[in-house]
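Chemist: Give me the fold of what follows.
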Amino acid sequence: MNTLSDGVATLVEHLRTLSESIVGLRGLAAYPFLFRPFIFLVLLSIVAGLVGTLVNLRKAEFNAEVMVHSVFPGIVVGFIVGGSDAIIIGAGCAGIAVVIALVVSQSSKRESDNESAHEGATAVILTAFFALGMTISLKVGDMSGQLEALMFGRLLETTDSGLAQSLVVFILTGIMLALTWKEHLYVAFDRQGAQASRINVRGIDYALNACIAAVVVAASSAIGVLLVIAFLIVPGATGRLLGRTVRQASIIGVSVSLLASWLGMQLLLTPSPRPISPQAGVVLVLVALFFIAVGIAAIGKRRGKVRC
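Modeler: Here you go, the predicted structure:
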């Protein structure tokens, strides 16, 4: 991992040097402690934008919310055992357990055709795992400052090692998306037809939840477990509002996430009487862009009615 971290550090430094001559990136490139988190946000935006599109199509927003809270005990244990560099490993272990629990819950729901039973089981998973994480964190002693960091993230403290670990997770997620993208769309629009076509629907469910878990795991230490949900839901919802096809929705989702990341980081370069949380700033910009998209979609509908 040290070799990978060194390679990532060298690559980031080359990108920073090149970006010093690009308008719009000059300010961020002037400060290495700002440019590294920006690179992380770019990677997160691309992967989360694509995963978020599937989350929206599959109506899996609640699953994403459950995943965000349920990896918390893994994050806490990883931090206690190995510090910040072990957070992704701990979160990954918890994510595997949550993925299995969610898919089993979904399967039982489809067998019984009881939506309320499925939602109840999912809520139990959320509360049980999150409560376990809180219990562990309080058991080991005073972690008030560290607990806040785990929940809300510390984007500016992104290290080369953390970026390297996240990069590996993002690459694996991208490969999984590329291999299963068509099947995801088939299941999203016609689950019974996908089953009749002998598509492994349960395997696709595992893949979707694994992708969600991967985004949460990779972003947990930088963005925090409470704010990462915005990257999984808002870009996909924005793309669904403005895009007419899945491809358009995906492109819009990724683009909106990238724009929010850039604008949010630019806020740090703006003089302010008080410190600005970079991750919170990015999320607020992301939400603002969503409401702008809502307005654009509403105007488009009105014009369509007038033409009719």
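
Chemist: List the buried residues for stretch 46-57?
Modeler: Buried residues in stretch 46-57, counting neighbours by 16 or more other Cβ atoms under 10 Å, are found at 46, 47, 48, 49, 50, 51, 52, 53, 54, 55, 56, 57. Every C-beta, even on glycine, is put in place using the N, C-alpha and C of the backbone.

Chemist: wait, I meant stretch 17-27
Modeler: For stretch 17-27, using 16+ other Cβ under 10 Å, the buried residues are 19, 25, 27.

Chemist: and the first one, backbone torsions?
Modeler: Translated: residue 19. Main-chain torsions, residue 19, degrees, to the nearest 10: phi -70, psi -10.

Chemist: rewinding a little: can I get the buried residues of stretch 17-27 in CSV including distance to residue 63 and pLDDT?
Modeler: Shown next, in CSV, are the buried residues of stretch 17-27 (distance: Cβ to Cβ, whole Å; pLDDT from 0 to 100):
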residue, distance to residue 63, pLDDT
19, 36, 93
25, 35, 91
27, 38, 90
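
Chemist: quick one: low-confidence parts of the stretch 201-308 of the chain?
Modeler: 304-308 (pLDDT under 70).

Chemist: any idea where the helices of the stretch 101-250 of the chain begin and end?
Modeler: 115-139, 144-152, 160-189, 191-196, 201-223, 228-242, 246-266 (DSSP state H, counting those that start in this stretch).

Chemist: Turn those into TSV, columns for distance to residue 11 and mean neighbour count.
Modeler: Compiled in TSV, these are given as follows (distance: least, Cβ to Cβ, whole Å; neighbours: other Cβ atoms under 10 Å):
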stretch	distance to residue 11	mean neighbour count
helix 115-139	34	16
helix 144-152	26	15
helix 160-189	9	18
helix 191-196	39	13
helix 201-223	17	25
helix 228-242	23	25
helix 246-266	18	21
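
Chemist: Can I get those in CSV including distance to residue 95?
Modeler: Formatted as CSV, those follow (distance: least, Cβ to Cβ, whole Å):
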stretch, distance to residue 95
helix 115-139, 10
helix 144-152, 15
helix 160-189, 10
helix 191-196, 24
helix 201-223, 3
helix 228-242, 12
helix 246-266, 21
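
Chemist: Minimum distance to residue 9: which of those has it?
Modeler: Nearest to residue 9, of all the helices of the stretch 101-250 of the chain, is helix 160-189, at 4.1 Å by Cβ to Cβ.

Chemist: Let me see the mean pLDDT of that closest one.
Modeler: Helix 160-189 shows an average pLDDT of 92 in the prediction.

Chemist: looking just at contacts, which helices and strands does it meet?
Modeler: helix 2-19, helix 32-57, helix 87-112, helix 191-196, helix 201-223 (3 or more Cβ pairs under 8 Å, 6 or more residues apart in numbering; DSSP states H and E).

Chemist: Let's see that with 6 Å instead.
Modeler: Under the contact definition 3 or more Cβ pairs under 6 Å, 6 or more residues apart in numbering; DSSP states H and E, helix 160-189 sits against helix 2-19, helix 32-57, helix 201-223.

Chemist: Switch those over to TSV; also include distance to residue 270.
Modeler: Below are these laid out as TSV (distance: least, Cβ to Cβ, whole Å):
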stretch	distance to residue 270
helix 2-19	19
helix 32-57	13
helix 201-223	21
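
Chemist: Among those helices, which comes closest to residue 248?
Modeler: Nearest to residue 248, of these and by Cβ to Cβ, is helix 32-57 at 10.1 Å.

Chemist: what's the angle between the closest one and helix 160-189?
Modeler: Calculated by axes from the mean of the first three to the mean of the last three Cα atoms, to 10 degrees, helix 32-57 forms an angle of 10 degrees with helix 160-189.

Chemist: So for helix 32-57, mean pLDDT?
Modeler: Mean predicted confidence for helix 32-57 is 94.

Chemist: so residue 72 touches residue 132, yeah?
Modeler: No: taking contacts as Cβ atoms under 6 Å, residue 72 lies outside contact range of residue 132: 7.9 Å.

Chemist: out of the helices and strands packed on helix 160-189, nearest to residue 289?
Modeler: helix 32-57 (12.0 Å).
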